[in-house]
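Enquirer: Mind folding the following:
(chains A and B)
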Amino acid sequence: MQQARTPGRRELKLLKTLIAANIQAFLLSGGTASGKRGSRGKRAVKSVAGVAAVFIVSLLFCSLYFGMLFISLASFEEHGYGWVYFAVSTILGLLFLIIGSASISKAMIFEAKDNSMLLSMPIKSFHIVASRVAALLAMNLAYLSSVMLPAAIIWQIRCGFSPASFVSFLLFLIGLLCFGTSLGVIMGYVISMIARRSRHKTAVTTVLSFVFFGAYMAVIIGGQSYIMEALENKELLAGGLKGVLPLYIISSAVSDGSIGVSLMAMAAELGIFALSVLLISRSFNSIVAGSSEVRRKKTSPVEFRSRGLMPALVLKEARHLGSNALYSMNSTMGAFMTILAAGFAVIKRESLQEALSLFSASPEYLCIIIATASTFIIGMNTLSGVILSVEGDRLWILKSSPIKSIDILKSKLYMHEIISLPPAVIFWAVTVILVKPDIATAALSLAAVTLYCVLTANLGLWINLLRPSLDWTNGAAAIKGMNALLVMLLNMAVSTVLVILGSLLPSAVGSIPALLIITAALLLGTALSYLWIKRRGVRRLERI
Amino acid sequence: MLKIEHLTKSYGEKVAVRDISLSISPGQIYAFIGHNGAGKTTVIKSCCGLLQFDSGEIYIDGISVKSEPVECKKRLAYLPDNPDLYEFMTGGRYINFVSDIFGVSSQRRRELTQKYAGLMGIEGELSQPISSYSHGMKQKLAIVSALVHEPKLLIMDEPFVGLDPIAAHSLKEIMRQICDQGGAIFFSTHVLEVAQKLCDRVAIIRQGSIVADGSMEDISGEGSLEEVFLELSEDFVHAAGEDSGKEGA
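Expert: Have a look, this model is predicted:
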């Protein structure tokens, strides 16, 4: 009996070791390769503190963003439709989970650098996959909590949990976390399987990722406007959601405090989760081998063409960006969204102009508001926040070459600006065509938007120099790690300040002085941040 | 060509390299040997400007690595022991990228690429993505890209690892050619037979300090370099054993 138990215990111990290693890698994913060799304990504390800080900030952000929606939805309880609250928060939570999970699960599970090494050891594929999915669960828990914690707090304040409904809510959360993770993992698996069979893996993965994202945005935008209309007509929303039976059952179980139903729902979701892990484990070997297979190109003569130093450096950054679907999609989301928004504005220009004419505001004021608000979208570009981290073990190539450190950093800034500026200018042009402000307002708003792009490039690189994450085994950790989130939040903070200034200043001092103040503030921020990069940033790079 | 004066580098409390001095003249091939963790890579990376060192000076062609790193890097090429390259590029694009950094003209880079890629046997692979290369092919590509800008000083960390015998032979010939033309080579290796046959001078490093430094004839004498190295290592092991014995008493 003892002998029969021992292999099982050994496997369990191995699984625990792998899970711990993966979760540790996730928690320590930031700032360990700063060149400083402090005590490991201190670095670990710093890294975990960083993760915690970013989580708290995103929690606050989600509370602000979703808070009003949840407060409006809480009124459904008075009319006997309390379950709608949990149904809507389920949809929002799932959407938050899936879009992140699909791209990162492909990278974390199938493209980790140590996959081949682990597969060469006496370790079952299931254990490798399970340990990676455990780390993914930890990450998704942070994402999900950003939505569900505000939802829980607002429900408690407005309606109050009974002990039974609180227990049901916890069971509901566990089930949702596992179900959302499994959906993301399956999507990542599907993308991997399709890309594996294609000659053009990167292009296929990029297109599929954008298609998924497009579908996600269609649901978000369509869903949000549906919910806002339906808040006027509660029966309409409740009726619509009731059509999705599992959603209705799970949500009702929480609002009614049916622990039994919640347990069954959680068991079903855990079952789906376990099945998805098993499915992936079976194909893990072949997918890993397939991912590492690189289709040979047709042999062609090499073109020997000389370029200047800076064009060569920027082209290298561009090639890197274009070669990796996860990198291009995650780091240049702002550019993509800005172009979409500009296209949307062109297509719907007549109805937009009609809607804008309802505001009793001057064209100059509207131009300022739209221009400052557009920085929220442009600020989703996180490229400069991860552009140093993605160098990884290859940083030696730049550092051993006769390139000034400031030129290395400038090339990374330029890359971010090349991605951000054209879409920002296009959106500005569409705004000016729609709103028709005077020339001075148009010119100054262009200057403000341009400076915002340059400032966010500097701020991102500032973050990346403070927290260079070069020692990754999985490129996704560098691309989607804490730096990207930190940069996005920082950009949003700047955009918030701009929108506040843009809304309040024109009425106080006039449109042109307001724009001058905004532009001056952006110029100051840009200059100071660049000065830091030129002095301390260069020293930091040289110490790495 | 390369002068290291009293180089010291620590990682926290651990002194990786202590008061190292050595000098390499033009035309010399200089081997740097030592056990794992002795400090070879630390010295090499310090010479290439990849590591900031605590004290001492390093001069390349009389120019200080500390005060003018870019000028020094123009004169040298570095080949790491495990070259991680840009997998998103083809071999040809990578060579073009390195050539652009060093300002090599299109014509010259074409000539040198064809020459060295031909010698390394990867001329037909340059249009393929680096992600499709084996370890040895990456090593060869790194060698070609190191040579395409005609460095005066070639600094290599275990350059023969992963190379097939033909490529290894070609590399040795190239090294000799560079030195005959007035350049210099400084490399670390664990393959002592190659060091003995190829090199003019050798330094043996142990626990961060140089324990032997001189011409190959002076160091190896009638015997083999391997014997000398093992003897020095044995002395160290005995000395370490005596020290710990004294401490115990």
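Enquirer: All the helices of the stretch 101-250 of chain A, residue numbers only.
Expert: Here the stretch 101-250 of chain A has its helices, by DSSP state H, counting those that start in this stretch, at A:115-119, A:125-158, A:163-196, A:201-230, A:234-242, A:245-256.
Enquirer: Chain B too?
Expert: In chain B, the helices defined using DSSP state H lie at B:40-47, B:69-75, B:91-102, B:106-120, B:135-147, B:165-180, B:192-198, B:216-220, B:225-248.
Enquirer: Please name whichever of those is nearest to A:S503.
Expert: Closest to A:S503 of the helices of chain B is helix B:91-102 (C-beta to C-beta; 47.3 Å). From N, CA and C alone the C-beta is placed, and that goes for glycine too.
Enquirer: Helix B:106-120 and the closest one, what's the angle between them?
Expert: 130 degrees (axes from the mean of the first three to the mean of the last three C-alpha atoms, to 10 degrees).
Enquirer: Is the residue nearest the centre of chain B bridged to anything, and to what?
Expert: Centre of chain B computed as the mean C-alpha position; nearest residue by C-alpha atoms, centre = their mean is B:M156, 2.2 Å away. The bridge-partner assignment for B:M156, based on DSSP bridges, gives B:L79, B:F187.
Enquirer: so who does it touch?
Expert: By C-beta atoms under 8 Å, 6 or more residues apart in numbering or on different chains, the residues touching B:M156 are B:Y78, B:L79, B:A146, B:I185, B:F186, B:F187, B:S188.
Enquirer: Out of those residues, which comes closest to chain A?
Expert: Checking these against chain A by C-beta to the nearest C-beta gives B:Y78 as the nearest, at 4.3 Å.
Enquirer: For that closest one, list the residues it contacts.
Expert: Residues near B:Y78 by C-beta under 8 Å, 6+ apart: A:W396, A:S400, B:I44, B:C48, B:L50, B:A146, B:I155, B:M156.
Enquirer: Next: B:G37.
Expert: Taking C-beta under 8 Å, 6+ apart, one finds nothing in contact with B:G37.
Enquirer: now the one 5 residues further on
Expert: With contacts taken as C-beta under 8 Å, 6+ apart, B:T42 has the following neighbours: B:K9, B:A16, B:V17, B:L51, B:G208.
Enquirer: most surrounded residue in those?
Expert: Greatest neighbour count in these, by other C-beta atoms under 10 Å in any protein chain shown, goes to B:V17: 27 neighbours.
Enquirer: do you know how far it is from A:A345?
Expert: Note on B:V17: its distance to A:A345, by C-beta to C-beta, to the nearest Å, is 61 Å.
Enquirer: circling back: want to try a markdown table for the contacts of B:Y78, with distance to A:T526 and pLDDT as columns?
Expert: A markdown table is the format used below for those (distance: C-beta to C-beta, whole Å; pLDDT from 0 to 100):
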| residue | distance to A:T526 | pLDDT |
| --- | --- | --- |
| A:W396 | 31 | 95 |
| A:S400 | 31 | 95 |
| B:I44 | 40 | 95 |
| B:C48 | 34 | 94 |
| B:L50 | 31 | 93 |
| B:A146 | 39 | 96 |
| B:I155 | 39 | 96 |
| B:M156 | 43 | 95 |
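Enquirer: how about these, which pair is most distant?
Expert: When those are compared pair by pair using C-beta to C-beta, the farthest-apart members prove to be B:L50 and B:A146, with a separation of 14.4 Å.
Enquirer: Ramachandran angles for the spatially closest residue to A:E77 that is not a sequence neighbour?
Expert: When the adjacent residues along the chain are set aside, A:E77 lies closest to A:C159, with 4.7 Å between them (C-beta to C-beta, 6 or more residues apart in numbering or on different chains). Recorded main-chain torsions at A:C159 are phi -120, psi -40, according to degrees, to the nearest 10.
Enquirer: What is the neighbour count of A:C159?
Expert: Other residues near A:C159 come to 17 when the count uses other C-beta under 10 Å.
Enquirer: where's it relative to A:A342, distance?
Expert: From A:C159 across to A:A342, the span is 42 Å (C-beta to C-beta).
Enquirer: do you know how far B:G183 is from chain A?
Expert: 17 Å (C-beta to the nearest C-beta, to the nearest Å).
Enquirer: Need phi/psi at the residue nearest to that residue when sequence neighbours are not counted.
Expert: Excluding its sequence neighbours, the residue lying closest to B:G183 (C-beta to C-beta, 6+ apart) is B:K152, at 5.0 Å. Backbone geometry at B:K152, expressed as degrees, to the nearest 10, gives phi -80, psi -30.
Enquirer: Would you check that B:K152 makes contact with B:M1?
Expert: Yes. B:K152 is in contact with B:M1 according to C-beta atoms under 8 Å; the separation is 6.7 Å.
Enquirer: shaky segments in the stretch 51-200 of chain A?
Expert: Across the stretch 51-200 of chain A, the stretches falling below the confidence threshold (pLDDT under 70) are A:51-62, A:64-65, A:99-103, A:195-200.
Enquirer: cool, chain B as well?
Expert: Per-residue confidence of chain B (counting by pLDDT under 70) places the weak regions at B:235-249.
Enquirer: sorry, back to before: now for B:K152 and B:M1: what residues contact both?
Expert: Between them, B:K152 and B:M1 share these contacting residues under C-beta under 8 Å, 6+ apart: B:P26, B:D61, B:G183, B:A184.
Enquirer: Out of those, flag the one nearest to chain A.
Expert: For chain A, the closest of these turns out to be B:D61, at 12.9 Å, with distances computed as C-beta to the nearest C-beta.
Enquirer: What are the buried residues along the helix or strand that contains A:M492?
Expert: When elements are assigned from DSSP states H and E, A:M492 belongs to helix A:482-509. In terms of neighbour count (16 or more other C-beta atoms under 10 Å in any protein chain shown), helix A:482-509 has its buried residues at A:482-492, A:494-496, A:498-499, A:501-502, A:505-506.
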